[in-house]
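Novice: Starting from these lines, generate the structure:
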Amino acid sequence: GGELAGSHGANAWWLAPLALAVMLLLGYGAVRLVGDYMGSVASHMIGGELSHLSTRLSAAGYGFLLKLIRLLAFAIVAYGASLLFMPAADPLRKMLCAVVLLIFATHLVGAIADALLSPGSAALRVLSYDDAAARHRRRRAVILAALVSFAGLSHGMLRLLGLPADLLSLYVILFGAVVSLFVMLGMIAEVHRRSALLPAGWHRLRARLAQSLLTGFLVLSFLAWAVNVLLERPGASAGIALGVVLVLLVPPASRLIQALLHHAEGGPAAVAPAAASPVTVETAARRRSHALGRLIAIGLRLAAALAVLTLFADAGGLQLMSWLHSDSGVRALHAAFQIVLTLLLAAIGWHLLTSWVDRQLSGGESEETGSVGTRAQTLLPLFRNFLWIGLISLVGMIVLSAVGVDIGPLLAGAGVVGLAIGFGAQTLVKD
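Specialist: Residues are numbered from 1 along each chain as shown. Here you go, the predicted structure:
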C-alpha cells in the first residue's frame, strides 16, 4: 500500500481512472478497426452447406480466430497505452493491466462458447443443444469466467494494497464460496431440466442420483480447498480447483466427441443406401456412433476421476504426485497411457472400418449386380471378420507388452498357427 501510494501520491486517484479510460478507449477502437477489416474477408473464408459438421467446425474456427485477433489487438493496444502514463514497473500500471486482463479473459471464454454453442444461429452450432440451452450455457460460462477473473484481480489488488494475510485468505474463501455456489446452482438447474425430459422411473432416478453425487462432490471439494487455503498450501488448493475444472469439462467434451464421431462415420447425409434398406444402414451407423461415443465418455469420466483422486490425495498429504514422478510411477503411467491409447485407437478404427463396410454393402445392393456384386457382398464381411480377429490379436499383444509380458513366444506361436491355417485354407480361398 505504501509503495502504491508513494509512486503517485494523491494523483493516483485521478490518474488511474483517466489512464484506464484511455486504455479501454484505444483498445476498443483497435477492436473496431480490426473488426471492420476482418469482417470484409470473413464471408470469403466460410462456405459450403452448414448442415455438415465439417463446415460448421470451419465456420466456428474462423469465427473464433477473428474474435481472437480482435481480442489480441485490444490487449496489445491497451497495454501499450498504459506506457503513456506510467513506467513499466509501476504498481498502479500493473493494476490497470490486470483490469485489461480480466476483460480479455472474459471475452475469450465468450468467444470459445460462441464457437461451440453459437447461441444466435442453430445452423452454426457444433454441440447439439437447443437455442435456450445454448444461450443459458454461454451466459453461465461468461459469468463464471468474469467471477474467476475478478477474484484473481481483486486478490492481487488487495495484496498490493497491503491487506493482512489472514484477511486475504478469508476474502479468497468468501469469493470461492460465491463461485462454488454459482457452479452448484447451475449444475442443479441443468440436472432438473434434463430429468424433466426423461421418463419417470430409473432414468429420472439416475439423474437425481447424479445430481446428489455431483453436489456432494462440489461441497467436499470446496471444504477441502478452503482448508488448504487457510493452511497456506497453494499447491494443494490449486490441485483441488484443477480437479473440479476437469469434472466440469467432461460433459461438453463428451458431446463434442460424439458429434465428431457422427461426422467421421459419414452421418445421415454421407450414406447413400438403396431404397430397400436406408433406415437399417443409417440406424446401425448411428447406434455404433452412439455406442462408441458412450465408451469414450466413460473413458473420459474414468480418467477425470483418477486425476481428481490423485490431486485430492496429494492435497490430503498422501504424496501420490511424488510417487508418480518416481521411476515406478513413470513406468506405471507410461503403461496405462499406452493401454488406453491403444484401446481408444482400436475402437475408433473398428468403428470407421465397420461404417465403411456397411456403406459399401449398402451401395452394392443397389448398384452392383451379377458376380461382382455377389463377390463384394461375400468378401467384405469376410474382410471385416478377418480384420476384427487381427485387431483383437494386435491389441492383446500391445496390452500384454505394456504390462511387462514377453510376447516373443506368443508372436512365434501365432506365426506358426497362421502358416498352418494358410496352407489348410488354400481351397477355400480359391473358391
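Novice: Would you report the backbone torsion angles of the closest residue to residue 125 other than its chain neighbours?
Specialist: Spatially, and ignoring its direct neighbours in sequence, residue 125 is nearest to residue 118 (4.4 Å; Cβ to Cβ, 6 or more residues apart in numbering). C-beta here means a position set from N, CA and C on the backbone, and glycine is covered the same way. In terms of degrees, to the nearest 10, the main-chain angles of residue 118 are phi 40, psi 70.
Novice: And the helices in the stretch 301-431 of the chain, which stretches?
Specialist: 320-324, 327-367, 370-402, 408-424, 426-430 (DSSP state H, counting those that start in this stretch).
Novice: Let me have these in JSON lines, adding mean pLDDT and mean neighbour count as columns.
Specialist: Converted to JSON lines, the helices of the stretch 301-431 of the chain look like this (pLDDT from 0 to 100; neighbours: other Cβ atoms under 10 Å):
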{"stretch": "helix 320-324", "mean pLDDT": "65", "mean neighbour count": "14"}
{"stretch": "helix 327-367", "mean pLDDT": "73", "mean neighbour count": "15"}
{"stretch": "helix 370-402", "mean pLDDT": "75", "mean neighbour count": "13"}
{"stretch": "helix 408-424", "mean pLDDT": "78", "mean neighbour count": "10"}
{"stretch": "helix 426-430", "mean pLDDT": "69", "mean neighbour count": "7"}
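Novice: Which among those helices is found nearest to residue 124?
Specialist: Taking Cβ to Cβ, helix 327-367 is the member of the helices of the stretch 301-431 of the chain nearest to residue 124, at 25.7 Å.
Novice: Just checking, which helix or strand succeeds the helix or strand containing residue 135 along the chain?
Specialist: Using DSSP states H and E, the element containing residue 135 is helix 131-160. Per DSSP H and E, helix 131-160 leads on to helix 165-197 as the next helix or strand towards the C-terminus.
Novice: How far off centre is the helix or strand just after that following helix?
Specialist: Using DSSP H and E, the next helix or strand after helix 165-197 towards the C-terminus is helix 202-230. How far helix 202-230 lies from its chain's middle: 21 Å, per Cα atoms, centre = their mean, to the nearest Å.
Novice: tell me which residues of helix 202-230 are tucked away?
Specialist: For helix 202-230, burial by neighbour count (16 or more other Cβ atoms under 10 Å) applies to 207, 211, 214, 217-218, 221-222, 224-229.
Novice: pretty sure residue 168 contacts residue 157?
Specialist: No - look at residue 168 against residue 157 with Cβ atoms under 8 Å: they stay out of range, at 10.7 Å.
Novice: In terms of pLDDT, where does residue 78 sit?
Specialist: Each residue has a pLDDT score; the one for residue 78 is 90.
Novice: The residue nearest to it when sequence neighbours are not counted: neighbouring residues, count only.
Specialist: Leaving aside its sequence neighbours, residue 78 sits nearest to residue 27 (Cβ to Cβ, 6+ apart; 3.6 Å). By other Cβ atoms under 10 Å, the residues close to residue 27 number 23.
Novice: Return the residues in contact with the residue lying closest to residue 155 once chain neighbours are set aside.
Specialist: Closest residue to residue 155 apart from its sequence neighbours, by Cβ to Cβ, 6+ apart: residue 172 at 6.1 Å. Listed by Cβ atoms under 8 Å, 6 or more residues apart in numbering, the contact set of residue 172 reads 151, 155, 229.
Novice: Correct me if wrong: the first one contacts residue 179.
Specialist: When you say that, I think you mean residue 151. Yes - using Cβ under 8 Å, residue 151 is in contact with residue 179, at 6.8 Å.
Novice: What separation is there between residue 405 and residue 335?
Specialist: Distance, residue 405 to residue 335, by Cβ to Cβ, to the nearest Å: 11 Å.
Novice: got it, and residue 242?
Specialist: To residue 335, residue 242 is 24 Å away according to Cβ to Cβ.
Novice: Show the contacting residues for residue 145.
Specialist: Residues near residue 145 by Cβ under 8 Å, 6+ apart: 105, 106, 108, 109, 110.
Novice: Contacts only, for the residue lying closest to it once chain neighbours are set aside.
Specialist: Using Cβ to Cβ, 6+ apart and skipping residues adjacent in sequence, the residue nearest residue 145 is residue 109, 3.6 Å away. Residues in contact with residue 109 (Cβ under 8 Å, 6+ apart) are 141, 142, 144, 145.
Novice: Looking at those residues, which is nearest residue 354?
Specialist: residue 141 (36.1 Å).
Novice: To what extent is the closest one buried, counted in neighbours?
Specialist: Using other Cβ under 10 Å, residue 141 has 20 other residues around it.
Novice: didn't it look like it was pressed against residue 113?
Specialist: Yes - between residue 141 and residue 113 there is a contact under Cβ under 8 Å: 4.5 Å.
Novice: what about residue 167, neighbour count?
Specialist: Around residue 167 there are 10 residues (other Cβ under 10 Å).
Novice: scratch that, residue 111
Specialist: As a burial measure, residue 111 scores 18 neighbours (other Cβ under 10 Å).
Novice: So what's the gap between the one helix or strand it maps to and the chain middle?
Specialist: Per DSSP H and E, residue 111 falls inside helix 91-117. Put simply, helix 91-117 sits 20 Å off its chain's centre (Cα atoms, centre = their mean).
Novice: Taking helix 131-160 as reference, get the angle to that helix.
Specialist: Going by axes from the mean of the first three to the mean of the last three Cα atoms, to 10 degrees, helix 91-117 is angled at 160 degrees with respect to helix 131-160.
Novice: Just want the most central residue of the chain.
Specialist: Closest residue to the average C-alpha location of the chain: residue 253 at 4.0 Å, with Cα atoms, centre = their mean.
Novice: Check the secondary structure at the residue nearest to that residue when sequence neighbours are not counted for me.
Specialist: Leaving aside its chain neighbours, residue 253 sits nearest to residue 300 (5.9 Å; criterion: Cβ to Cβ, 6+ apart). Per DSSP: H, G, I helix; E, B strand; the rest coil, the secondary structure class of residue 300 is helix.
Novice: Residue 300 and residue 254 touch, don't they?
Specialist: Yes - assessed by Cβ under 8 Å, residue 300 is found in contact with residue 254 at 6.0 Å.
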